[in-house]
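**Q** Sequence first, then the predicted structure, then my questions.
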Amino acid sequence: MKIKTILTLGVSLFLCTKFFAQTPIQKTLVAKRITGTIKIDGLINDEGWKDAPVMTDLTEFRPTVGAVEKPETKTVAYLLYDDEGIYFGGYCYERTKDSIATELSGRDGFGTNDYIGLIFDTYYDKQNGFEYFVTPLGEQWDAKMSTDAGEDFSWNGVWKSGTVIHDNGWSFEMFIPYSAIRFGKNEVQNWGLNITRRRRKTEQQYTWNPINPNVNGFLTQEGVWSGITNIKPPFRLQFSPYFSTYVNHFPANIPGEKNWTSSVNGGMDVKYGINQAFTLDATLVPDFGQVQSDNKVLNLTPFEIKYTENRPFFTEGTELFNKGNLFYARRIGIDPVLLHSPEEYQNINDRITKNPGESKLINATKISGRTAKGLGIGVLNAVTNTRYATLEDDNTKEQRQVVVDPLTNYSVIVLDQTMKNNSSVSLVNTNVWRSGNDYDANVTAALFSLNDKKNTWNVSGKAAFSNLIGYLPDGKTQSGYSHNLSMGKTSGRFNFNIGQELTNNKFNSNDLGYFTFTNFVDHFAWMGYSWIKPTNWYNNFRINANAYYSRRLNPGTYQSANFNINANGQLKNLWYVGSMIGYEPENNNFYEPRVVGRMFRGWSNYFTDIWFETNDAKKYKLYSELFYAKRSLFSSERYSFNFNQRYRFNNNLTISQGISLAPQTNNVGFAGFEGNEIIFGKRDIKTVESTVNIKYSFNANMNINTRIRHYWSNVKYKNFFTLQQDGSLGENSTYNENKNQNINFFNIDMVYTWQFAPGSFINVVWKNAATDFQQATVVGYFKNLNNTMKTEDNNNISFKVIYFLDYLQLKNLKKKK
C-alpha cells in the first residue's frame with residue numbers, strides 16, 4: 001500500500017511538472033549607436049531618436065498574464081548608446097491625463113506612481129542586474145537585482161532623466177552614464193534586457209519580454225540587447241565629501257555635565273573603479289547621526305532584538321555580503337557582542353559616570369564586483385575604536401577609564417560563482433579580531449544552489465564552521481558546525497520545498513552575525529499552489545501549507561513543531577486579502593529558563609490570522625489584520641490587531657497613521673532567580689504601538705518627511721512558579737520581587753532633504769527621543785503618552801551637506817576652460 005502511494009505521488013508530481021512547463025519567449029533588440037544628439041528633457045523630439053530601435057507591444061504579467069497592451073495605452077520605447085552611456089526614451093500612452101497616477105514621494109520613495117523601468121543583466125548570467133525607473137513627475141528609483149537578495153533599492157547611481165506629462169500620456173528620457181553601471185570589457189557584448197511599465201490605477205504591469213509568474217526568476221525570463229560594440233568602462237573616481245554640525249540638548253542637570261553639546265564633523269565617501277568590474281567604496285571619518293531612530297521595544301525573550309540597519313554604507317550594494325546569512329552589519333559599532341561591562345571593574349565606592357552606547361567607527365571599506373566569467377568577489381573591512389566607560393570614586397572623586405569594547409577589526413570575504421541554469425556556488429568568511437586578550441572569531445561557509453536545465457527543480461545547501469579563538473577558559477578554540485540542505489520544485493503552479501537544518505552546540509556566528517538557536521536539528525516542508533488566471537471575483541489566488549519539526553541535537557530530545565495553512569490573493573476590485581490557520585503541539589523550550597541544560601515544558605497553541613488591504617491606487621488606503629492564539633497553559637490568550645491607513649491629499653502631501661494592539665493574558669515566562677531556583681511568572685502583557693508619517697514634497701528633488709512613533713508596553717505579574725526539573729511549574733509563595741514593567745519609547749524624526757545637484761544633498765534633521773520606565777502598572781494608553789510627554793527628552797538638530805564630485809566631469813570642465 002505504501003509503495004502504491006509513493007508511486008502515485010511521484011507520477012502526480014511528474015505530470016504537474018510536464019503540464020506546467022513553459023517554453024520561455026526571448027526577444028532580441030539589436031543595439032545601435034546614436035547618430036545625433038539628445039537633450040535629456042523628457043521630450044522625444046531630438047534628431048538622435050529618429051532611427052532608434054523600437055520596443056513596443058508589451059505583454060501584461062499582472063493581473064492578466066499574457067495579455068497585450070491596448071492601442072490607447074500602448075508603450076513605445078527606444079534604446080541607444082554611444083561612447084559615454086545609454087539613452088532610453090519613449091512614450092507611455094494613456095486615454096486621458098487623468099488616467100496617469102502621480103505622487104511626489106522622493107528618490108526611491110515609490111508612492112502611488114505610474115512608472116517605466118529599464119533592466120539590464122550586463123554579464124548575461126540571469127542572476128544579477130541593474131534597474132532604473134522614472135515616474136511621470138520625474139522622480140528616480142534605481143536598484144541592484146539578484147536572485148538571492150531580490151531588489152536592493154538602497155543602491156543609488158548618478159544618472160539623468162526627464163519627463164513631460166501630455167494630454168494623452170507621458171514621455172520620458174534617461175541617460176545612464178557607464179559610471180552608473182558595471183559591465184565587461186569584451187569588444188562585442190550581449191546584455192540581458194527588459195523594460196517594465198506599471199499603470200497604478202488599474203494595477204496593470206507590462207514587460208517587453210514576457211514574464212510568467214509561475215516560472216522561477218525574473219532575470220531568467222529576460223530578452224537580449226545584442227551587438228553592443230566597442231564600449232569601454234570609464235575611469236571611475238567619485239568623491240562625496242560632507243560637512244555636518246550637530247546641536248544636542250538633554251536636561252541632565254548634573255554638575256560637570258553639559259545640558260547643551262555641539263559638534264562639527266567632516267569626512268568623505270569615496271568610490272573608485274579598480275577596473276571595469278570592481279569598485280572600492282570607502283567611508284572616511286563616517287557620520288551616521290542622521291539615520292532613522294530605531295523602533296525600540298521591550299524585550300522579554302532570551303535573545304537580543306534584531307534591529308534594522310539604517311546606515312547607508314552598510315545597506316547599499318551589500319547583496320554579496322548577505323549571502324549565507326552570516327553578516328549582521330549592526331555588529332560593527334552599534335550592537336557589538338560586548339565582552340565587558342563597567343560593573344566588572346567597579347569597586348564599592350565607584351559609580352558609572354559615562355558609558356557610551358556605541359563604538360566609534362574609524363573607517364570602513366568594501367570592494368565588490370563580478371568578472372565577465374561570473375565570479376563575484378566581495379571584501380568588506382571596518383575598524384572600530386576602543387570604547388571606554390568612566391568610573392568615579394564617590395569619596396576621592398578620582399575618575400578612571402575602563403575598556404568596554406576593545407579596538408576591533410571586522411572583515412567579510414565572499415566568493416560567488418554563477419553557473420548555467422541560474423545556479424551558483426559561494427564561499428563566505430567572516431572574521432572578528434580584537435586587540436588585547438579577548439577572543440577572536442572566524443566563520444566560514446560554503447553554499448550552493450543548483451537548478452535543472454528547465455529551471456524547474458532546485459537543490460541548495462550550506463555548510464558552515466565557526467571558530468572562537470581563545471574563547472575557552474584554557475585559551476583554546478571552540479569549534480562548531482552547522483548545515484542546511486533543501487530541495488524542491490520552483491516553477492509551475494504547484495511548487496514545494498523540503499529540507500533540514502542542523503547546528504551543533506558549539507557553533508556560534510554571533511560575533512559578526514545574528515545568531516540565536518543552537519544545538520538543534522530541524523526538518524521543514526512547504527508546498528503551494530497558485531491560480532494566476534483572473535476569474536469573475538479574483539485576479540490571482542495562492543494557497544500554501546507549511547510544517548516543521550525541531551529536535552534537540554544532543555541529547556536528542558523533542559523541541560517543537562508547527563503546522564499552518566495560508567491563503568491569499570488579489571480580488572477584482574484590487575483589494576488584497578489573506579488568512580492563516582495553524583497549530584503548535586506542546587513544546588519543550590530550552591532557552592526561556594536562561595540556564596543551559598534546563599527546559600520549560602510549554603503549551604500547545606491554536607492560532608489564526610486574517611487580513612485585508614484596500615486598493616493602493618486610491619487616495620485612501622486601509623490595511624487591517626487580526627491575529628488570535630489560544631494556548632493550553634493557564635488558558636492563555638494572545639491577540640494582535642493592526643490598523644494602518646493612508647490618505648493622499650494631492651501629489652505633494654500624504655499622511656499615514658498606524659496602530660498596533662497586542663494584549664496577552666496569562667502569558668508565562670522567565671521572571672528571575674531565587675537562590676539556585678529558576679522563577680517563572682504568569683503575567684498579563686499590554687503592548688500598543690502608534691505611528692504617524694507626514695510626507696510633503698515641494699518637487700521631485702525636495703521634501704520633508706516626519707515620522708512620529710510612540711510605543712507602550714506594560715507587564716503585570718500575577719503569580720510566580722518554580723521551574724521543576726521535568727520542565728513543569730510548581731507554585732511559589734515566597735518569591736516577592738517586583739517584576740512589573742511599564743515602558744514607553746517616543747521618537748520624532750523630521751528630515752528635510754534637498755538634492756540640489758545629481759548626487760549632492762542638503763539634509764536638515766530634528767530628532768526627539770524620550771523614554772519613560774517604571775516598575776509599576778500605569779493604566780491606560782493616553783495616561784502613558786501624557787507621562788512620556790512630561791519626561792526629560794533628548795533633542796538633536798543637525799545640518800549636513802554632501803557634495804558629489806566626479807573626476808571625469810571635473811576633468812572635462814577643466815578642458816573646456
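**A** In hand now; what should we look at?
**Q** Any idea how far stretch 467-485 is from the middle of the chain?
**A** 29 Å (CA atoms, centre = their mean, to the nearest Å).
**Q** Quote the end-to-end distance of that stretch.
**A** 22 Å (CA to CA, to the nearest Å).
**Q** quick one: contacts of it?
**A** 437-443, 459-466, 499-509, 511, 518 (CB atoms under 8 Å, 6 or more residues apart in numbering). The way it works is simple: take the backbone N, C-alpha and C, and place the C-beta from them, glycine included.
**Q** Write the PyMOL selection for whichever of these are buried.
**A** Per 16 or more other CB atoms under 10 Å, the buried members of these correspond to this PyMOL selection:
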select buried, resi 438+439+440+441+442+443+460+461+462+464+465+466+499+501+502+503+504+506+507+508+509+511+518
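**Q** List the contacts of T430.
**A** 326-327, 410-412, 441-443, 509, 511-513.
**Q** mind checking how far it is from Q417?
**A** When distance is defined by CB to CB, to the nearest Å, T430 is 19 Å away from Q417.
**Q** Check V30 too.
**A** 31 Å.
**Q** With neighbour numbers in mind, choose between those two.
**A** Using other CB atoms under 10 Å, the more surrounded residue of V30 and Q417 is Q417, with 18 against 11.
**Q** ok, that one touching S426?
**A** Yes. Look at Q417 against S426 with CB atoms under 8 Å: they come within range, at 7.3 Å.
**Q** I believe E344 is in a helix; please confirm or correct that.
**A** Yes. According to DSSP: H, G, I helix; E, B strand; the rest coil, E344 belongs to a helix.
**Q** Chain neighbours aside, what residue packs nearest to it?
**A** V402 (7.7 Å; CB to CB, 6 or more residues apart in numbering).
**Q** Ok, T516 next?
**A** F303 (4.5 Å).
**Q** per-residue pLDDT, the one you found?
**A** Per-residue pLDDT puts F303 at 95.
**Q** Would you list the phi and psi of it?
**A** Here is the backbone geometry of F303 (degrees, to the nearest 10): phi -120, psi 160.
**Q** so it touches E592, yeah?
**A** No. Using CB under 8 Å, F303 makes no contact with E592, being 10.3 Å away.
**Q** quick one on the thing from earlier: now, the contacts of stretch 467-485 that are in strands?
**A** Judged by DSSP state E, the subset of those located in strands is 440-443, 459-466, 499-503.
**Q** need the contact list for S550.
**A** 520-523, 558-561.
**Q** ugh, typo on my part, it should be A629
**A** Contacts of A629 by CB under 8 Å, 6+ apart are 605-608, 637-639.
**Q** redo that, cut-off 7 Å
**A** 605-607, 638 (CB atoms under 7 Å, 6 or more residues apart in numbering).
**Q** Ok, N562 next?
**A** With CB under 7 Å, 6+ apart, N562 has these contacts: 547-548, 582, 584.
**Q** Can you lay out the residues you listed as a markdown table showing pLDDT and distance to I25?
**A** Listed next are the contacts of N562 as a markdown table, based on pLDDT from 0 to 100; distance: CB to CB, whole Å:
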| residue | pLDDT | distance to I25 |
| --- | --- | --- |
| A547 | 98 | 37 |
| Y548 | 96 | 38 |
| G582 | 98 | 40 |
| E584 | 97 | 45 |
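**Q** pLDDT score assigned to T147?
**A** The model's pLDDT for T147 equals 83.
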